[in-house]
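> Give me coordinates for this.
(one chain, ligands or ions: 1)
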Amino acid sequence: MSVDAATSVEQAWVARAIELATENVAAGGGPFGALVVRDGEVIATGTNRVTVDLDPTAHAEVTAIRAACRALGTFKLDGCVLVTSCEPCPMCLASALWARVDRVLFAADRDDAADAGFDDRAFYDVFEDPRTESPTPVERVAVPNRNQAFDAWRAKPDRVEY
Ligand SMILES: Nc1nc2[nH]cnc2c(=O)[nH]1
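Predicted coordinates:
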């Protein structure tokens, strides 16, 4: 869907995410804000808390997803829309996938984030561009019991799947 096709309600959600992001800068956090919306209702909001909480995973989208899950008492956000001031980074996109949100709406993109000094685009390149090597080595270690935990999982009849 193109940005131009967004409804005025969606535009208002995005505007709120940008407002949260801007307020968060003044509060000492990163310039990112997000909302989780279900049936037109804002379930939760989130801002970037990386430097405030000393948590590199505390991106706005992740904090919004965590807050929404707490508010709804679930780990599944199907039926929800994640609205964010900036295109989700690979971690936030993966979080949205794991949360099973129905849609993601964003305002600024990875190039805008790069212009502001953030590595979103560089990290996308690690996943999307085969010529880009991961700056962090990721190496497999050969062990005979590599599937031990998966075997335990498959054998557990009352496992909670997600
Ligand atoms: N989308 C997004 N990108 C980021 N890059 C660094 N922090 C963030 C964040 O909170 N959200």
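
> from what I can see, L105 looks like it's in a strand, true?
Yes - using DSSP: H, G, I helix; E, B strand; the rest coil, the assignment for L105 is a strand.

> so it touches T84, yeah?
Yes - with contact defined as Cβ atoms under 8 Å, L105 reaches T84; the gap is 7.2 Å. Using the backbone N, CA and C atoms, a C-beta is placed for each residue, glycine as well.

> how near is the residue nearest to L93 when sequence neighbours are not counted to L35?
The shortest distance from L93 to any non-neighbouring residue, by Cβ to Cβ, 6 or more residues apart in numbering, is to V104 (7.4 Å). Going from V104 to L35 by Cβ to Cβ, to the nearest Å gives 11 Å.

> got any residues that touch both of the two?
L82, V83, T84 (Cβ atoms under 8 Å, 6 or more residues apart in numbering).

> and which of those is nearest the ligand?
Nearest to the ligand out of the shared contacts of V104 and L35 is T84 (Cβ to the nearest ligand atom; 5.8 Å).

> Next, count neighbours for A58.
19 (other Cβ atoms under 10 Å).

> just the one 4 residues further on next, same as before
Burial of V62, expressed as a neighbour count using other Cβ under 10 Å, amounts to 24.

> Model confidence for it, exactly?
At V62, the pLDDT value in this model is 98.

> now swap in M1 and tell me
M1 is given a pLDDT of 56.

> And for the one 10 residues further on?
At Q11 the predicted local confidence, pLDDT, stands at 97.
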